[in-house]
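Colleague: Predicted model follows, preceded by the sequence.
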Amino acid sequence: MPIRKQFPVRFTPKGLSDAFDSTEAFEGACYSLQNLIFDQQNPELVIARPGVGAPLTSFPGFTSPTGVVCHITIGTVVYGMVSTGRTPGYDEPFAFDTATMTFYACSGVTSGNVPATQSTSGSWTPPSMTVVSTKIIITHVGFSGTGSNFFGVLDISTPTAPAWSSANTATNALPSVPTWVANLNNRAWYACKNVLYYSDSLVPTTMTNAGQSLTVGDPSVVRAISGLPVQTTSAGVVQALLVFKDFQIWQITGDTVTSNLALNFLSLNVGTSAPRSVVQTPFGTVFMGIDGSYIVDSMGQVRPLTKNSEVSEQDIQQPFIAATQPSRVSAQYSGGVYRICVDTVINLVAYTNDYWFDTGRLRWNGPHNFPYDCASQLGNGFVLSHLSLGAALFKSQMFPDSTSVFNDNGVALSFTMESSSFPKTGGMNENCVVESTIELSNRGSQMTFVVNAISEQRNTLNATYIVTSGASGSTWNGTTWGGGLWSSSANIPHIYTVPWTDQLVFKKMAVQVSGLAQSGVSIGTFFARYSDLGYTNMG
């Protein structure tokens with residue numbers, strides 16, 4: 001006899017949300033997509049993210065290296081600063097070629113031209129780097145501000161033989177040690193408190209004219225500077241520079257050469273205290289504000305980073321609102337993903353979490369567990385470092401391939417997909433699951449997926465597990481006909497019945513799937529059929 005009043009429910013993971021209940025969020029909202037990313041070919045699947053594995057390098061040959069404080073990548077070479085014992089208590093430059101896995105010695109380093117190492121905890125002013133012509137300019141508040149010791153210059157005219165020096169601008173000197181630097185119109189723009197000073201074109205160490213500066217708004221300090229291509233109705237796309245304060249954003253366009261240098265405000269109530277969260281992407285400049293993530297688009301509009309410009313409600317805000325050290329937040333963009341790592345508090349527990357915003361899906365995933373306080377783009381991936389991990393550079397892939405590993409610095413990756421509670425159906429009665437299925441797969445050896453049903457109070461209603469056998473098969477023409485299974489390289493999920501060990505009685509329910517990451521792990525759609533029990537509450 002069929003069960004009366006049956007209702008089907010479908011859940012397909014679509015993105016991360018702060019919401020416990022998905023009714024007012026979006027279809028497929030997840031409370032956690034820990035160490036899971038979106039399958040770029042199959043929109044109904046989430047897959048295990050690749051791990052970072054062992055460090056690319058731990059700085060052999062350097063004297064007692066302790067931590068990487070900043071870096072950028074040009075081609076295959078990572079340039080940056082690392083604290084070492086060559087001059088104890090100071091940072092020195094490095095150049096590491098990821099293609100040959102070798103360091104290029106930086107000439108010119110002395111005890112008198114390197115900056116003092118900052119504290120590894122608490123608030124700080126992060127170093128910054130930019131490239132103008134054949135020189136990398138590095139700002140660092142550890143420079144003494146005496147003589148020529150105001151900022152660092154790494155000459156890469158010969159990339160395999162970089163030459164280091166410290167400097168102040170020639171002809172007209174900067175009045176203080178700059179806190180940030182960026183490139184606009186082939187000029188280096190230096191932030192000194194609330195004033196921006198700009199160098200001559202293609203000569204980042206010279207300011208010929210005394211008036212090469214702009215005062216930005218009120219006396220509050222400039223936190224960060226970033227480029228932005230701006231779309232205009234008359235001149236097409238033009239260069240612009242965004243200037244960020246804690247609660248202001250300004251825009252610089254034009255140049256003195258063309259007599260159209262201009263400074264205008266974009267916002268006088270939205271800004272950032274997280275300088276390294278400011279990242280240029282193809283669709284605008286993204287940054288972390290005090291109440292969430294924002295974007296300045298190519299039209300100069302400041303708006304929340306959401307599914308589209310018509311939506312103002314952000315999917316996740318809690319990690320950014322609860323950030324404990326905004327100045328140590330780090331972000332970067334590569335391969336269609338803006339990622340940001342933040343020290344935060346979630347449900348009264350402190351975490352260092354990494355969140356990814358996929359610009360194809362326009363949704364977040366994460367949190368991911370590997371910490372970093374500096375990131376640079378390397379091809380279709382990233383170079384990451386964190387002071388707590390010592391002097392080490394790690395490579396992070398965006399998407400898995402045949403070379404991927406599933407550990408972070410030797411620690412095996414675990415994953416968790418936890419849905420927000422399924423949307424309310426409009427009925428007020430308690431429900432009972434009759435049967436349910438879920439799509440799962442893995443390409444390696446057999447593995448165990450742990451499956452939990454969660455109540456609206458995040459308590460476990462029932463726990464079970466599903467063992468998958470992984471992909472199996474034989475290469476075509478590699479075996480006797482009928483002697484094996486043939487399968488393609490595609491890892492297609494299988495639909496498994498969820499073997500609950502007891503009835504699931506609930507008013508609202510969520511599903512949680514977890515396990516150890518390996519090749520080909522994917523989670524797809526969960527289906528449940530439940531019946532209306534005919535009474536409103538259990539007690």
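Modeller: That came through fine. Numbers count the residues shown, from 1 in each chain.

Colleague: And residue 507, what's its pLDDT?
Modeller: pLDDT, residue 507: 87.

Colleague: and what of residue 478?
Modeller: According to the model, residue 478 scores 44 on pLDDT.

Colleague: Next, name the residue at the spatial heart of this protein.
Modeller: residue 339 (1.5 Å; CA atoms, centre = their mean).

Colleague: Is the residue nearest to residue 325 when sequence neighbours are not counted part of a helix or strand, or is it coil?
Modeller: Of all residues not flanking residue 325 in the chain, residue 343 sits nearest, at 4.8 Å (CB to CB, 6 or more residues apart in numbering). C-beta: built from backbone N, CA, C; applies to glycine. Recorded secondary structure, residue 343: strand (DSSP: H, G, I helix; E, B strand; the rest coil).

Colleague: Next, work out how far apart residue 343 and residue 328 are.
Modeller: 6 Å (CB to CB, to the nearest Å).

Colleague: Between these two, which has more neighbouring residues?
Modeller: residue 328 (24 against 18; other CB atoms under 10 Å).

Colleague: Check the nearest residue to the more buried one once chain neighbours are set aside and give its pLDDT.
Modeller: The shortest distance from residue 328 to any non-neighbouring residue, by CB to CB, 6+ apart, is to residue 373 (5.3 Å). Looking at residue 373, its pLDDT is 98.

Colleague: And for residue 165?
Modeller: At residue 165, pLDDT is 98.

Colleague: contact partners of whichever strand or helix holds it?
Modeller: Per DSSP states H and E: residue 165 is located in strand 163-167. Strand 163-167 has contacts (CB atoms under 8 Å, 6 or more residues apart in numbering) with 92-93, 106-109, 113-114, 143, 148-155, 157, 205.

Colleague: swap in stretch 245-261?
Modeller: Here stretch 245-261 has contacts from 184-185, 187, 189, 194, 196, 201, 212, 214, 216-218, 220-223, 228, 230, 238-243, 262-273, 296, 300, 302, using CB under 8 Å, 6+ apart.

Colleague: Of the contacts of strand 163-167, keep whichever come out buried.
Modeller: Among the contacts of strand 163-167, those classed as buried by 16 or more other CB atoms under 10 Å are 92-93, 106, 109, 113-114, 143, 148-155, 205.

Colleague: Just the strands from the stretch 51-200 of the chain, written as ranges.
Modeller: Under the criterion DSSP state E, counting those that start in this stretch, strands of the stretch 51-200 of the chain are mapped to 67-74, 77-84, 90-97, 102-103, 128-132, 135-139, 151-155, 163-167, 170-171, 180-184, 187-192, 195-198.

Colleague: Who are the packing partners of the third one?
Modeller: Pointing back at strand 90-97 there. strand 77-84, strand 102-103, strand 151-155 (3 or more CB pairs under 8 Å, 6 or more residues apart in numbering; DSSP states H and E).

Colleague: want to throw the strands of the stretch 51-200 of the chain into JSON lines with distance to residue 401?
Modeller: Formatted as JSON lines, these follow (distance: least, CB to CB, whole Å):
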{"stretch": "strand 67-74", "distance to residue 401": "20"}
{"stretch": "strand 77-84", "distance to residue 401": "21"}
{"stretch": "strand 90-97", "distance to residue 401": "22"}
{"stretch": "strand 102-103", "distance to residue 401": "24"}
{"stretch": "strand 128-132", "distance to residue 401": "29"}
{"stretch": "strand 135-139", "distance to residue 401": "31"}
{"stretch": "strand 151-155", "distance to residue 401": "33"}
{"stretch": "strand 163-167", "distance to residue 401": "36"}
{"stretch": "strand 170-171", "distance to residue 401": "48"}
{"stretch": "strand 180-184", "distance to residue 401": "33"}
{"stretch": "strand 187-192", "distance to residue 401": "38"}
{"stretch": "strand 195-198", "distance to residue 401": "43"}
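
Colleague: among those, which is nearest residue 364?
Modeller: Closest of these to residue 364 is strand 67-74, at 24.8 Å (criterion: CB to CB).

Colleague: Can you tell me the strand partners of that closest one and which way each runs?
Modeller: With DSSP bridges as the test, strand 67-74 is paired with strand 77-84 (antiparallel).

Colleague: what's the angle from the partner strand to strand 128-132?
Modeller: Angle of strand 77-84 versus strand 128-132, following axes from the mean of the first three to the mean of the last three CA atoms, to 10 degrees, is 140 degrees.

Colleague: Strand 135-139 and strand 77-84, what's the angle between them?
Modeller: Using the same axes, to 10 degrees: strand 77-84 against strand 135-139 is 40 degrees.

Colleague: buried stuff in strand 77-84?
Modeller: The neighbour-count criterion (16+ other CB under 10 Å) identifies 77, 78, 79, 80, 81, 82, 83, 84 as the buried residues of strand 77-84.

Colleague: Please identify which of these is nearest to residue 417.
Modeller: residue 78 (33.6 Å).

Colleague: For that closest one, give its distance to residue 404.
Modeller: 21 Å.

Colleague: quick one: low-confidence parts of this protein?
Modeller: Counting by pLDDT under 70, the chain shows low-confidence ranges at 1-5, 229-237, 426, 471-490, 538-539.

Colleague: mind listing the helices for it?
Modeller: For the chain, helices defined by DSSP state H occupy the ranges 318-321.

Colleague: Got phi/psi on the nearest residue to residue 141 once chain neighbours are set aside?
Modeller: Once flanking residues are discounted, residue 141 sits nearest to residue 125: 4.7 Å by CB to CB, 6+ apart. Residue 125 has phi and psi values of phi -110, psi 100 when expressed as degrees, to the nearest 10.

Colleague: Please name the residues that touch residue 125.
Modeller: Residues in contact with residue 125, defined by CB under 8 Å, 6+ apart, are 118, 141, 179, 275, 327.

Colleague: Kindly report the same for residue 320.
Modeller: By CB under 8 Å, 6+ apart, the contact list for residue 320 reads 288, 289, 290, 291, 292, 293, 342, 344.

Colleague: what sits opposite the fifth one in the beta ladder?
Modeller: What it means is residue 292. Going by DSSP bridges, residue 292 forms beta bridges with residue 289.

Colleague: the strands in the stretch 401-539 of the chain, which residues?
Modeller: 407-408, 411-412, 414-419, 431-441, 447-455, 460-468, 494-497, 505-506, 509-516, 522-532.

Colleague: closest to residue 51 out of those?
Modeller: strand 407-408 (4.6 Å).

Colleague: Tabulate the helices and strands packed on strand 90-97 (TSV), appending distance to residue 388.
Modeller: Shown next, in TSV, are the helices and strands packed on strand 90-97 (distance: least, CB to CB, whole Å):
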stretch	distance to residue 388
strand 77-84	13
strand 102-103	23
strand 151-155	24
